[in-house]
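J.: Sequence isn't available, so here's the structure alone:
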């Protein structure tokens, strides 16, 4: 009975992404990093933005801050104008001990790392089959890159699991993401620096589209209650 | 009386009622929420939810604040420290009982 109670007590956490806003925010963040990465490559190598440490930092903030602000205020607007009037307002922050939250965080991080390592090994094997002439150093680089590619799959799997049965179609999105990353791994640049760009854009787009679909379904299936006394 | 039976008989009856247990379990993990959220999560009707909340307020477990969001009336609900302590005790008792 205590387990059922604990499961019930997890509902407010799941409610946080009932409208897909969390996914949209994460996706925008990944897109921001991908965009920054692309813009840095088109900058002339001898420009102030590339050679001066302070200016390059400023350039990073000039790109990232508007994207993150868009995500932050966008999520706030979704909550204020769509979610709270339909299914209610929740403020988080109290309840549950900090120690427990920290323990859960590290447990998740370890699980994601282990799962990513397993997928990375599989991906590295596939990539090695594809590029049989790789030397040992390049092979190790490939393994690192495969690890980077694989990281995104358990991360998204954890996100879906956290929602527990809310949207079973998201497992298909996960499959699509895994296949997409495999294709990028097989056809892309094959190293971390250049490979990170298409990966960030792809993963960011998948998160944003999946969050957008969740938001659409949420709006379609809920409506604000008629105003009356409580 | 054996220990298991004592643990069952000592469960807080205010919280033990299923409707109120749902409310306290939800309020226990958030800072605050509104009436509409509890209505959505507990799937109770407004009358039932109101009467359970009134009982919890009477026991000193829940704080109810009537306010406005813009021009829309809003009822904010929070679990008081006494309510949190009672819920922790209830969970311990439940564990001991089963």
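T.: Alright, I've got the coordinates. Because the structure is predicted, anything quoted here is derived from the model rather than measured.

J.: Isn't residue A:11 up against residue B:40?
T.: No - here residue A:11 does not reach residue B:40: they are 10.0 Å apart, not a contact under C-beta atoms under 8 Å. From N, CA and C alone the C-beta is placed, and that goes for glycine too.

J.: overlap in contacts of these two?
T.: When contacts are counted by C-beta atoms under 8 Å, 6 or more residues apart in numbering or on different chains, residue A:11 and residue B:40 have no shared neighbour.

J.: what's the closest non-adjacent residue to the most centrally placed residue in chain A?
T.: Ranked by distance to the mean C-alpha position of chain A (C-alpha atoms, centre = their mean), the top residue is residue A:26 at 4.8 Å. Residue nearest to residue A:26 in three dimensions, not counting chain neighbours: residue A:207, with 5.0 Å by C-beta to C-beta, 6 or more residues apart in numbering or on different chains.

J.: Tell me if that neighbour really is in a helix.
T.: Yes - judged by DSSP: H, G, I helix; E, B strand; the rest coil, residue A:207 forms part of a helix.

J.: Which pLDDT value goes with it?
T.: Note on residue A:207: pLDDT of 95.

J.: need the contact list for it.
T.: Neighbour list for residue A:207: A:23-24, A:26-27, A:30, A:156 [criterion: C-beta under 8 Å, 6+ apart].

J.: Quickly note the distance from it to chain B.
T.: Residue A:207 sits 25 Å away from chain B, going by C-beta to the nearest C-beta, to the nearest Å.

J.: Equivalent analysis for residue A:214, please.
T.: Taking C-beta to the nearest C-beta, one finds residue A:214 at 17 Å from chain B.

J.: That residue contacts residue A:16, correct?
T.: No - shown here, residue A:214 and residue A:16 do not form a contact pair, counting by C-beta under 8 Å, at 12.0 Å.

J.: Show me which of the two is the more surrounded one.
T.: Set side by side, residue A:214 and residue A:16 show more neighbours around residue A:214, with 23 against 16, by other C-beta atoms under 10 Å in any protein chain shown.

J.: Are we agreed that the more buried one is in a strand?
T.: No - residue state for residue A:214 (three-state DSSP) corresponds to helix; a strand is not indicated.

J.: Which residue is the nearest non-sequential neighbour of it?
T.: Spatially, and ignoring its direct neighbours in sequence, residue A:214 is nearest to residue A:20 (2.9 Å; C-beta to C-beta, 6+ apart).

J.: my guess is that neighbour meets residue A:219, correct?
T.: No - Residue A:20 lies out of contact with residue A:219 (C-beta under 8 Å); the separation is 9.8 Å.

J.: residue ranges with poor pLDDT in chain A?
T.: Across chain A, the ranges flagged by pLDDT under 70 are A:1-2, A:49-53, A:94-105, A:108-109, A:111-141, A:164-165, A:190-193, A:227-230.

J.: quick one on the thing from earlier: select only the buried ones of the contacts of residue A:207 in ChimeraX?
T.: Selecting only the buried members of the contacts of residue A:207 in ChimeraX, with burial defined as 16 or more other C-beta atoms under 10 Å in any protein chain shown, works like this:
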select /A:23,24,26,27,30,156
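
J.: So of the contacts of residue A:207, which two are at opposite extremes in space?
T.: Greatest spatial distance among the contacts of residue A:207 (C-beta to C-beta): A:24 and A:156, at 13.9 Å.

J.: Could you pull out the helices in chain A for me?
T.: Defined through DSSP state H, the helices belonging to chain A, from first to last, are A:2-9, A:11-15, A:21-42, A:48-51, A:53-78, A:84-87, A:98-130, A:136-163, A:170-187, A:192-221.

J.: With chain B instead?
T.: Ranges of helices in chain B, per DSSP H, are B:3-9, B:13-16, B:18-27, B:35-42, B:46-58, B:81-97.

J.: among the ones you listed, which is nearest chain A?
T.: helix B:35-42 (2.6 Å; C-beta to the nearest C-beta).

J.: Now do the closest one and helix B:46-58, the angle between them.
T.: 110 degrees (axes from the mean of the first three to the mean of the last three C-alpha atoms, to 10 degrees).
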